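K.L.:
Return a 3D structure for these sequence lines:
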Amino acid sequence: MKVIEIQKKQKDIVVKLLLTNPRSKVRIIRPDGTYIQTPTKDPWDQNCWVERMISYKQGNKLVELGEILKLKAEAGQQHFLDSLRDSLQQVNEFFTEKDYFKQPATEPEKVGKFAGYDVFRRQRDIFGYEGLLDTGMKVVSYAKPGEYTAALQPHFYVYLPINPDGVAEPDADRFFIGELQFPRKAKRNEQYTWCSVDDEIKEIVMGLAHTDRSGRDGLIEILESLKK
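P.N.:
Residues are numbered from 1 along each chain as shown. Alright, predicted model coming up:
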């Protein structure tokens with residue numbers, strides 16, 4: 001089962017996120033920043049968020065955010081895409097170029113012994129930025145070492161609310177996650193459904209563009225390629 005499914009439904013873009021693979025790009029995160037390790041076994045509630053790591057291209061293939069923009073083009077929403085491109089061209093501040101992004105690690109501190117080994121604590125300040133929309137969605141970016149490198153890399157996420165309005169009306173709610181009885185555990189292969197709106201898509205695009213120059217330029221390139 002796909003972790004992320006993106007569909008066009010009339011004029012809307014519907015994104016379905018698989019909740020039961022915590023090692024994927026989709027995870028359930030608590031308000032304190034810790035993750036639900038096993039969503040089908042560990043209870044979670046409406047104060048948690050569904051975290052989705054954002055990317056837009058793999059090689060020459062559009063994925064996730066890039067796929068959403070492509071569907072917008074196919075739906076004839078070129079005015080929206082042109083407006084996005086114009087906004088992106090005005091972006092000239094990038095998190096990777098700020099001092100926040102260049103914080104050095106502190107010297108290791110010896111704190112104890114374990115099985116004959118010295119135990120050290122290594123600390124590094126991690127900075128990020130985030131923005132909360134009126135719709136309840138949040139964009140979050142922070143720097144952390146990459147998977148195969150010690151250098152800091154920008155990571156960008158969307159946080160989707162579990163139950164933003166406190167109403168159990170899944171047919172009317174753009175953010176829907178099964179039954180709204182909490183605390184609860186995820187069912188097998190349970191999905192979260194997000195029916196996006198233009199303001200949210202724009203906020204994701206603009207937030208991602210502010211991570212670094214290459215991100216901004218890559219998004220502009222995609223929008224140029226989608227012009228008819």
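
K.L.:
how close does the spatially most central residue of the chain get to residue 129?
P.N.:
Geometric centre of the chain, nearest residue: residue 157, 2.2 Å, by CA atoms, centre = their mean. Per CB to CB, to the nearest Å, residue 157 is found 11 Å from residue 129. Bear in mind the C-beta positions are built from the backbone N, C-alpha and C, glycine included.

K.L.:
which stretches of the chain form strands?
P.N.:
For the chain, applying DSSP state E gives strands covering 4-9, 12-18, 26-29, 49-53, 57-58, 61-62, 109-114, 117-121, 128-132, 138-145, 152-161, 175-176, 191-196.

K.L.:
Run through who's touching the third one.
P.N.:
The one in question is strand 26-29. 3-4, 17-19, 22, 35-36, 39, 44, 48-53, 159, 186, 192 (CB atoms under 8 Å, 6 or more residues apart in numbering).

K.L.:
Would you mind listing which of the residues you listed are buried?
P.N.:
When those are checked for burial by 16 or more other CB atoms under 10 Å, the buried set is 3-4, 17-19, 22, 36, 39, 44, 48-52, 159, 186, 192.

K.L.:
which residues of the chain score low on pLDDT?
P.N.:
For the chain, applying pLDDT under 70 flags the ranges 1, 11, 105, 146-150, 163-180, 228.

K.L.:
Report the beta-bridge partner residues of the closest residue in space to residue 7 that isn't next to it in sequence.
P.N.:
Computed as CB to CB, 6 or more residues apart in numbering, the closest residue to residue 7 that is not its neighbour in sequence is residue 14, at 4.8 Å. Per DSSP bridges, the residues bridged to residue 14 are residue 7, residue 195.

K.L.:
Alright, I will stop here.
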